[in-house]
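Enquirer: Any chance you could fold what I've pasted below:
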Amino acid sequence: MLIVSKNLNQIKMYTVLLLLLILILGLPSLSLAKMTHKLWADFSGEVVYDDNVYKDSTGYMDIGYGLNLALGLRSKFSRYTFSRLQYRFGLKNFSKYDLENQNSHQFDGLLKQRLGNFFTLDLNGRMKFSQLVNASTYNSQMFLGRPSLEWYVFDHTTLTGGYIYEKNIYPDYDLDYEERGFLVKLGQEFSLYTYLEFSGSSQIRDYSERSLYGIDGGSRTVTDEMRKDEIIFFETRLSQDITHGVKMELKYQHSKLDSNGNYFDWGPKQWEEENTTFDDERLVRNYYSYQSNEVSLKTRIILDRDSYLRIGGHYQNRDYKGRLAKDKNDKFLSPEEKRKDKQIFISADWVKEISKEILKDSPIENLEIKIGYSYENNQSNDSLYDYSNNIISISLTSWF
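Expert: Numbers count the residues shown, from 1 in each chain. The predicted structure is shown next:
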C-alpha cells in the first residue's frame, strides 16, 4: 500500500505541473494580440579547488568540476500576459572525495497575468530531479507550486500574498515530506535607485514516512507519531544604487524551525549495525529545532564596459533547541551544551566578457570568464561542524 500511495502522489505532482505547462503553452490560442517569443540558452563549465569538500572538521581537499546547461523560452502574448519556460541541467563532480557527486534536472514554468490596473497574478511551478551518483539512496524528486497575487497599493508600493506547496519524494529513503504555507511581501520603491522590501512566510512540513523514535531498555523503538515541522521565515531587504556603477543589497533574515523530530543516538562512533557498547544509547528530543539570524551584504561594482566585480558576505548565528553538541570523540560534551553555530562567509567574483573581436573567427559569439574565491568559517561547539573552507573557481560561460 505504501508503494501504491507513493506512486499516486508522484502521478498527482506530474499532473499538476503538466497542467501548468499546458496552460502556458496554450495561451497563444487565447490571445489575438501580437505575440513575441524569445529562445535563449547558456552553457558553463567550471573547475573548482575546494579545501573542505564536505564542509566539516574532516577537512578533505579535492579538485572538481561542474557543468551547467540552461534552455529557456520567454513569451509575451499581450501587454498583460507573459510566460517563461526553463530547463536547467547541473553536474558537480570531485575526483577523490566523491560521495556528494550529483547531477540534477530542473524544469520551471511561470505565467504572469495582469488583472486590470491594480493586480498581477503569478503562477510558478517547478520540478527537480536530483541524483547522487555514489549515494543513490538519497536521490530525490521535488515538485513546487507557488501562486501569488500582487496588488499595486500605490504607484510605488506593492503588496503580495501567495500560497506555497512543495512535495519532496525520496524513492529509496524515508524522508518524503509535503509542505504547505503562505507568504506575504511588501515592497516600496523610494526612487529609481532605492528599494525596500519586507517578506515573510509560514509553512507546515509533514513527513509521511519518518516516525518518531522511542527507547526501551537501551533498544530503539518506533512510535505511531510522525515527524512534523513548523517553519517561520522573515526577511528585510534594501537595494541601493550608490553610483551608476556600484549597486548594493543589504539583507536581514530570521528563521525558526520547530520540530517534534527526535534522534536516537547509539553511542560514540556507533550506529545500528555496529552497536558495540550497550547502555550508552540515548534519545535526543527537539533534535532538528533551531533559530537563526543572518545579516548579509552584496555589492556589484562595474569596472569597465565588459567587466565587473561582485563582492558579498554574511554573518549567521544558529542555536539549536535540543540538539546536544559532541566532542571530537563523538561524545556529548560534559557538562552538556546545546549546539550553537556562528558562521562568517565572504566571497568575491571577477567577471569579464571576452571581446567579440577576439571571438570573430570562432563559432562562439558570446563568452564570459569568471574567477571566484570564497571563505567560510563555521565556529561550532559541536566538533564535527567546527571548520573553515576555502574555494577557488574558474568558469567559462557562453550564451545566445
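Enquirer: Which parts of this protein belong to which domain?
Expert: Domain assignment for the chain, taken from automatic domain parsing, gives 1-173, 206-354+371-384.
Enquirer: Mean pLDDT and mean neighbour count added to the ones you listed, as JSON lines?
Expert: Every residue, glycine included, has its C-beta placed from N, CA and C. Formatted as JSON lines, the domains of the chain follow (pLDDT from 0 to 100; neighbours: other Cβ atoms under 10 Å):
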{"stretch": "domain 1-173", "mean pLDDT": "87", "mean neighbour count": "15"}
{"stretch": "domain 206-354+371-384", "mean pLDDT": "94", "mean neighbour count": "15"}
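Enquirer: Mind putting those domains into CSV with distance to Ser199?
Expert: Converted to CSV, these look like this (distance: least, Cβ to Cβ, whole Å):
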stretch, distance to Ser199
domain 1-173, 8
domain 206-354+371-384, 5
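Enquirer: So which of those domains is nearest Trp399?
Expert: domain 1-173 (3.7 Å; Cβ to Cβ).
Enquirer: one step back: out of the domains of the chain, flag the one nearest Phe190.
Expert: For the domains of the chain, proximity to Phe190 was assessed by Cβ to Cβ; domain 1-173 is nearest, at 7.3 Å.
Enquirer: and that closest one, how far out from the chain's middle?
Expert: 11 Å (Cα atoms, centre = their mean, to the nearest Å).
Enquirer: Same check on stretch 384-397?
Expert: Counting by Cα atoms, centre = their mean, stretch 384-397 comes out at 17 Å from the chain centroid.
Enquirer: ok, then the element right after the top strand by length along the chain?
Expert: As assigned by DSSP state E, the longest strand anywhere in the chain is strand 219-243. Per DSSP states H and E, the first helix or strand lying C-terminal to strand 219-243 is strand 246-259.
Enquirer: where exactly do the strands run in the stretch 1-150 of the chain?
Expert: 36-50, 62-78, 81-94, 102-115, 119-132, 140-154 (DSSP state E, counting those that start in this stretch).
Enquirer: which secondary structure elements does the third one contact?
Expert: Contacts of strand 81-94 with other secondary structure elements, assessed using 3 or more Cβ pairs under 8 Å, 6 or more residues apart in numbering; DSSP states H and E, are made with helix 2-25, strand 62-78, strand 102-115.
Enquirer: Just the C-alphas of it, formatted as PDB.
Expert: Extracted in PDB, the C-alpha atoms of strand 81-94 (Å, rounded to 0.1, in the frame of the first residue of the first chain):
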ATOM      1  CA  THR A  81       0.300  38.300 -20.400                       C
ATOM      2  CA  PHE A  82       3.800  36.900 -20.100                       C
ATOM      3  CA  SER A  83       5.200  33.400 -19.600                       C
ATOM      4  CA  ARG A  84       8.600  31.800 -19.100                       C
ATOM      5  CA  LEU A  85       9.700  28.100 -19.500                       C
ATOM      6  CA  GLN A  86      13.100  27.000 -18.400                       C
ATOM      7  CA  TYR A  87      15.200  23.800 -18.200                       C
ATOM      8  CA  ARG A  88      18.400  23.500 -16.300                       C
ATOM      9  CA  PHE A  89      20.900  20.700 -16.000                       C
ATOM     10  CA  GLY A  90      23.600  20.800 -13.400                       C
ATOM     11  CA  LEU A  91      26.500  18.500 -12.700                       C
ATOM     12  CA  LYS A  92      29.100  18.500  -9.900                       C
ATOM     13  CA  ASN A  93      32.000  16.000  -9.600                       C
ATOM     14  CA  PHE A  94      35.000  15.600  -7.400                       C
END
